[in-house]
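Chemist: Structure of the sequence below:
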Amino acid sequence: MKLGFHLGYWSAAPPEGAHDAFALAESLGYDSVWTAETYGSDCLTPLAWFGASTRTVSLGTNILQMSARTPAATAMAAMTLDHLSGGRFILGLGVSGPQVVEGWYGQPYPRPLARTREYVELVRKIVRREAPVSHDGQFYQLPLQGGSGLGKPLRSMLHPRRSEIPIYLGAEGPKNIALAAEIADGWLPLFYSPRMDDFYRGALEEGFAQPGARHSLDDFEIAATVPIVVDDDIEKAADLVRPNIALYVGGMGAKEANFHNQVFVRMGYEAECERIQQLYLDGRKAEAIASVPLAMVEDIALVGSVEKIRDDLRRWDKTVVTSLLLQGLGYSSIHTVAKLLE
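Modeler: Residues are numbered from 1 along each chain as shown. The predicted structure follows:
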């Protein structure tokens, strides 16, 4: 299993030590480094800025929100970063949720799976640069229909370093996971639980079985984001993960459309999720955080002593996951974790 470092998205300000963290992760044999975005900092700029200090690790977006950019803008950024990195770029894409898509980007959310399929198809067509691009889709048209009438099919002035840049999809529900297996080169799970491995295998196999699927399980990348906190006091370690779980379960998305919440419901935490969400939406965030049980943390994170984490890793070895993207560790712990996972 490969090891990656996930910087995540920024909150109020840039994280300290990120430049050194990228360089250190590479020097210790990490396979990849990743950045994220939400309604704040973007993911491409930090990846290029901090990634400039690296020479061998893969550089990935986890995830680039599709509603923020047209397919052409995404393809341009992917080709540019692929050139600058010497062919090390991985394009991680995701749809986000209706609150962000419509509330922040001002784009329509309905039919996200069909939109994703068309978006990926168009990005690949642009990157291949086989001909001037024409596309008459349900969601995207090149040239635009109903405009000035002066648009014409164009081909990228930039020649791609690679005609196929790897595309991974962020997905949580079974239909989205199946879509990733069908049309993408990898899947980026956010809250992966090893005990749900059979469920995920089933969703993936549904996608691999579709006509025209690009991969099978044998050559498909699954890079799971995994919070990790090394501390002999397991409750103290879990306390560093609880706020993030409470945010996603309780406050990330509308009550009737919170896909992160449903991930934990499928794990068997329906009552806990309902309580966390209600407390969070009532503005009682501290209580919501305190309501996240230890078992819920341990399902999706590596927390506790070095010995416990080393033992817990055995669960991950048996899953479909090909890369652990470690998140939440202090930059000073990157070396400790690399030694732990040897």
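Chemist: Could I get the contacting residues of the residue lying closest to residue 185 once chain neighbours are set aside?
Modeler: The spatially closest residue to residue 185, leaving aside those adjacent along the chain, is residue 166, at 4.4 Å (CB to CB, 6 or more residues apart in numbering). C-betas here are computed from N, CA, C, even on glycine. Residues near residue 166 by CB atoms under 8 Å, 6 or more residues apart in numbering: 90-91, 185-186, 221.
Chemist: just residue 169 next, same as before
Modeler: 92-94, 116, 120, 176, 179-180, 183-184, 186-188.
Chemist: out of those, which are inside strands?
Modeler: Mapping these onto strands (DSSP state E) picks out 92-94, 186-188.
Chemist: Residue 217: which of those is nearest?
Modeler: residue 187 (10.7 Å; CB to CB).
Chemist: May I ask you to confirm that the closest one is in contact with residue 172?
Modeler: No. Here residue 187 does not reach residue 172: they are 10.2 Å apart, not a contact under CB atoms under 8 Å.
Chemist: which SSE is residue 276 in?
Modeler: helix 270-281 (DSSP states H and E).
Chemist: and if you look at residue 238?
Modeler: Here residue 238 sits within helix 234-239, counting by DSSP H and E.
Chemist: ditto for residue 296
Modeler: For residue 296, the host element (DSSP H and E) is helix 294-300.
Chemist: Moving along the chain from that helix, name the first helix or strand you hit.
Modeler: strand 302-304.
Chemist: List the buried residues for that next one?
Modeler: 302-304 (16 or more other CB atoms under 10 Å).
Chemist: Okay, now the sheet partners of that strand, with direction.
Modeler: strand 221-230 (parallel) (DSSP bridges).
Chemist: how far out from the middle of the chain is the partner strand?
Modeler: 11 Å (CA atoms, centre = their mean, to the nearest Å).
Chemist: Can you give me the distance of residue 98 to residue 276?
Modeler: 20 Å (CB to CB, to the nearest Å).
Chemist: of these two, who's got more company?
Modeler: residue 276 (29 against 17; other CB atoms under 10 Å).
Chemist: didn't residue 33 look like it was pressed against residue 24?
Modeler: No. Residue 33 is beyond contact range of residue 24, at 10.2 Å (criterion: CB under 8 Å).
Chemist: Neighbour count: those two, which is higher?
Modeler: A direct count of neighbours by other CB under 10 Å for residue 33 and residue 24 places residue 33 higher, at 27 against 18.
Chemist: so who does the more buried one touch?
Modeler: So residue 33 contacts 4-7, 22, 25-26, 47, 50-51, 54, 57-60 (CB under 8 Å, 6+ apart).
Chemist: cutoff 7 Å now
Modeler: 4-5, 7, 22, 25, 51, 54, 57, 59 (CB atoms under 7 Å, 6 or more residues apart in numbering).
Chemist: Would you mind putting the residues you listed into CSV with pLDDT alongside?
Modeler: Shown next, in CSV, are the contacts of residue 33 (pLDDT from 0 to 100):
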residue, pLDDT
4, 94
5, 93
7, 91
22, 91
25, 90
51, 96
54, 96
57, 97
59, 98
